[in-house]
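1. A predicted structure for the sequence below; I have some questions about it.
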Amino acid sequence: MNNTTTNANDRSRLNAIPMLIALSVVAGLIAWYSLSMQTSSESVAEPVKLEQGMLLPELRPLKPFSLTTHKGTSFDNQSLLGHWTFMSFGYTYCPDICPTTMALFSEMHNKIQTQASTEPYQVTFVSVDPERDSLERLSEYVTYFDPSFVGATGPEESLQELTKPLGILYKRVETEDSAMGYVMDHSASIILVDPQGQFHAYFSPPHDAEKMAHDFIALSSQTETAR
């Protein structure tokens with residue numbers, strides 16, 4: 001073989017090297033992409049389909065707060081850990097929204113209890129009228145709807161530490177023509193806190209006991225499966 005033929009073969013082999021490298025890179029990228037897509041599809045759970053509740057786009061722990069339950073025990077961030085918490089806000093002298101919400105909680109509670117197995121949860125009614133809602137009155141009020149329900153309240157500053165970051169609004173409104181003296185305008189939304197103490201979802205009125213029970217079972221089942 002002469003030098004001309006040898007040089008041509010060498011040049012041909014040299015020209016083929018960049019193409020082989022490019023093909024290897026492309027093949028590697030395809031393999032990486034396929035693997036990453038597979039891993040992603042395995043690790044990301046399907047979003048829960050809720051009938052009434054709205055999931056928070058980003059879960060966040062509740063800001064530090066400290067109230068007192070109708071039993072005289074602390075109700076704070078630690079009280080939220082290890083179980084789900086439904087939380088509504090109002091006052092025991094409320095003529096319409098609050099008793100309706102508490103009755104709804106009772107109905108929802110009964111529907112959830114028919115399930116063979118559910119994650120633990122508590123229902124908490126937070127009074128934004130500490131001036132009139134003593135712990136004794138709270139106890140009578142919440143346990144009337146169900147013995148397991150919890151009532152909680154505290155000084156105005158403590159209530160603001162809980163309600164303000166959650167977007168729960170309330171205001172005292174004087175009523176000269178009412179025997180009660182004043183009423184409390186307040187948000188009717190219900191919030192749901194997960195077992196890690198994070199604001200997880202909320203339910204806007206009008207509320208439906210069956211739909212809320214469905215949503216809770218769906219959310220808690222997904223959380224249990226993820227663990």
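-> Yep, that arrived.
2. which SS class is Ala68?
-> If you look again at residue 68, you'll see it is Thr, not Ala. Secondary structure state of Thr68, per DSSP: H, G, I helix; E, B strand; the rest coil, is strand.
3. how long is stretch 180-190 end to end?
-> When the termini of stretch 180-190 are compared using Cα to Cα, to the nearest Å, they are 25 Å apart.
4. and that stretch, how far out from the chain's middle?
-> Its chain's C-alpha centre lies 23 Å from the corresponding centre of stretch 180-190 when counted by Cα atoms, centre = their mean, to the nearest Å.
5. give me phi/psi at the residue nearest to the spatial centre of the chain?
-> When Cα atoms, centre = their mean is applied to the chain, the residue found nearest the centroid is His200 (1.1 Å). As for His200, its main-chain torsions (degrees, to the nearest 10) stand at phi -100, psi -40.
6. burial of the nearest residue to it once chain neighbours are set aside, as a residue count?
-> The shortest distance from His200 to any residue other than its chain neighbours is 4.1 Å, reached at Asp194 (Cβ to Cβ, 6 or more residues apart in numbering). Any C-beta I mention is one placed from the backbone N, CA and C, and that applies to glycine too. Using other Cβ atoms under 10 Å, Asp194 has 22 neighbouring residues.
7. need the contact list for Asp194.
-> For Asp194, the contacting residues are Leu59, Trp84, His200, Leu219, Thr223, by Cβ atoms under 8 Å, 6 or more residues apart in numbering.
8. cool, Pro195 as well?
-> Each residue near Pro195 by Cβ under 8 Å, 6+ apart is listed here: Leu80, Leu81, Gly82, His83, Trp84, Glu119, Thr223.
9. now do Thr85
-> With contacts taken as Cβ under 8 Å, 6+ apart, Thr85 has the following neighbours: Tyr121, Gln122, Val123, Thr124, Leu192, Val193.
10. most neighbours among those residues, which one is it?
-> In terms of neighbour count, Val193 stands highest of the contacts of Thr85 at 26 neighbours, by other Cβ under 10 Å.
11. need the contact list for it.
-> By Cβ under 8 Å, 6+ apart, the contact set of Val193 is Leu62, Leu80, Trp84, Thr85, Met87, Phe199, His200.
12. can you tell me which of those are buried?
-> Among those, those classed as buried by 16 or more other Cβ atoms under 10 Å are Leu62, Leu80, Trp84, Thr85, Met87, Phe199, His200.
13. filter these down to the ones in strands?
-> For the buried ones among the contacts of Val193, membership in strands holds for Trp84, Thr85, Met87, Phe199, His200, with DSSP state E as the criterion.
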